[in-house]
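Asker: quick one: sequence and predicted model below, then my questions.
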Amino acid sequence: MVLKKCANCKKNVTKKMPGLECSRCERIVHADPACAKLSNKQLNTLRNSTGIEWSCEECQKNTSRRTSYIIPDEEDEDGSETGFTTYNQMIDTRKLVQDISREIKKTFREEIGQLECSLQFLSDQVSTMEQSLKIQDSIIKDIERKNLDLQNKNKNLELRVSVLEQEAENREQRTLSSSLEIAGLPEIPPKELNQFLKSVALKLDMDVEDIQSSKRLSAPKDKLSVILVEMKTKTARNQWISAGKEKCLTVGDVIPEVNKECVENRIYIREALTRSLKTLLHNTKSMLRKSFQFIWCKDGKICVRRNGNSKIYYIRNVQDIIKLQNKTENSMAL
């Protein structure tokens, strides 16, 4: 649709800048004081009153009876309005957009700068932590190496100590190689000890002159007395021990005047052992009695055997007992 123009200013008549149409000659001018030569009050009257017609100056004498106020439809408006008000608004809008864009860019720059600083700080922290972890890892590896070295040295020392203890134990046991113990006796006064040994020698058909020395070993009050007898030779000691096993002497055999409750008590003549070896023998019997039929001690060596035809095992320490226990349990499980 062809846009109408003001006859005075030659600009388009639009919805925002409406016009007046002459009721006679259909001449069109803008509905403003400059182009229509009317006051604002008159223009408002024309706008609000449909029964008033307007005529241009040339047609004042031939007035028409129809409305002369023209307001085009929205679709008739020119997309590129050139009114002063719209133009100013476009300028203001463009400036506003530029200002907003400038502020947004400034804000983004500030935020990105802060983000970059934070990322750099975190990067430095991570680098520091990585370096610290590397140092700690190196320290830990060094400690582990030293710990392993100390463990090896400790095992070596434990082995050496064990060897030394075993040697000391063997040396102490060798000092008892010619000695025997007589156990299962009631309390015997020291002055009657020699007479008692003579009675034992007589019952065993042994020579009392085989004895080098003797002494009573200390024992708890609730334990029977034990006499340590040192023989002149190892052969004599073995002969006395063999005779004791054969004769099976009782307290009544060598002490006639003893209390009746002790008369039938068995007298044991056995190889003299060190305290630690006695403890080991006791532990061996306690732990292996169910698995091994024979457990004995000869010449300071503890021996075990499952039956009369099986292999003989030698017990040197508690670890040997545990190994035999585990071996027995594994064989039974299979």
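Answerer: Nice, I can see it. Every value quoted in this text rests on a predicted model; they were computed, and no experiment measured them. Numbers count the residues shown, from 1 in each chain.

Asker: just the helices in the stretch 51-200 of the chain please.
Answerer: Using DSSP state H, counting those that start in this stretch, the helices assigned to the stretch 51-200 of the chain run over residues 84-174, 193-204.

Asker: residue 289 is nearest to which of these?
Answerer: Closest of the helices of the stretch 51-200 of the chain to residue 289 is helix 84-174, at 23.3 Å (criterion: Cβ to Cβ). C-beta: built from backbone N, CA, C; applies to glycine.

Asker: counting by contacts, list what the closest one packs against.
Answerer: helix 275-288 (3 or more Cβ pairs under 8 Å, 6 or more residues apart in numbering; DSSP states H and E).

Asker: between helix 84-174 and the helix it packs on, find me the angle.
Answerer: Here helix 275-288 runs at an angle of 110 degrees relative to helix 84-174 (axes from the mean of the first three to the mean of the last three Cα atoms, to 10 degrees).

Asker: low-confidence stretches in the stretch 1-150 of the chain?
Answerer: Along the stretch 1-150 of the chain, segments meeting pLDDT under 70 span 1-2, 51, 61-91.

Asker: you'd agree residue 20 is in a strand?
Answerer: Yes: under DSSP: H, G, I helix; E, B strand; the rest coil, residue 20 sits within a strand.

Asker: quick one: residue 147 from residue 156, how far?
Answerer: Using Cβ to Cβ, to the nearest Å, residue 147 is found at 15 Å from residue 156.

Asker: do the same with residue 249
Answerer: For residue 249 relative to residue 156 (Cβ to Cβ), the value is 50 Å.

Asker: so which of those two has more stuff around it?
Answerer: residue 249 (21 against 10; other Cβ atoms under 10 Å).

Asker: list the contacts of the nearest residue to the more buried one once chain neighbours are set aside.
Answerer: Sequence neighbours aside, residue 267 is the residue nearest to residue 249 in space, at 4.4 Å (criterion: Cβ to Cβ, 6 or more residues apart in numbering). Residue 267 is in contact with 182, 183, 184, 185, 200, 244, 249, 250, 251, 253, 254, counting by Cβ atoms under 8 Å, 6 or more residues apart in numbering.

Asker: export the helices of the stretch 51-200 of the chain to a markdown table and tack on distance to residue 30?
Answerer: A markdown table is the format used below for these (distance: least, Cβ to Cβ, whole Å):
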| stretch | distance to residue 30 |
| --- | --- |
| helix 84-174 | 12 |
| helix 193-204 | 155 |
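
Asker: deepest-packed of the ones you listed, please.
Answerer: Highest mean neighbour count among the helices of the stretch 51-200 of the chain (mean count of other Cβ atoms under 10 Å): helix 193-204, with a mean of 16.

Asker: next SSE after that helix?
Answerer: As assigned by DSSP states H and E, the chain's next helix or strand after helix 193-204 is strand 211-217.

Asker: how distant is that next one from the center of its chain?
Answerer: 63 Å (Cα atoms, centre = their mean, to the nearest Å).

Asker: just stretch 307-316 next, same as before
Answerer: Counting by Cα atoms, centre = their mean, stretch 307-316 comes out at 47 Å from the chain centroid.

Asker: give me the mean pLDDT for it.
Answerer: Taken as a whole, stretch 307-316 has a mean pLDDT of 92.

Asker: which residues are contacting that stretch?
Answerer: 166, 280, 284, 293-294, 301-305, 320-321, 324.

Asker: nearest to residue 212 among those?
Answerer: Among the contacts of stretch 307-316, and counting by Cβ to Cβ, the member closest to residue 212 is residue 301, at 23.3 Å.

Asker: now that closest one: closest residue in space that isn't a chain neighbour?
Answerer: residue 314 (5.8 Å).

Asker: let's verify the one you found: helix, strand, or coil?
Answerer: Assignment for residue 314 (three-state DSSP): strand.
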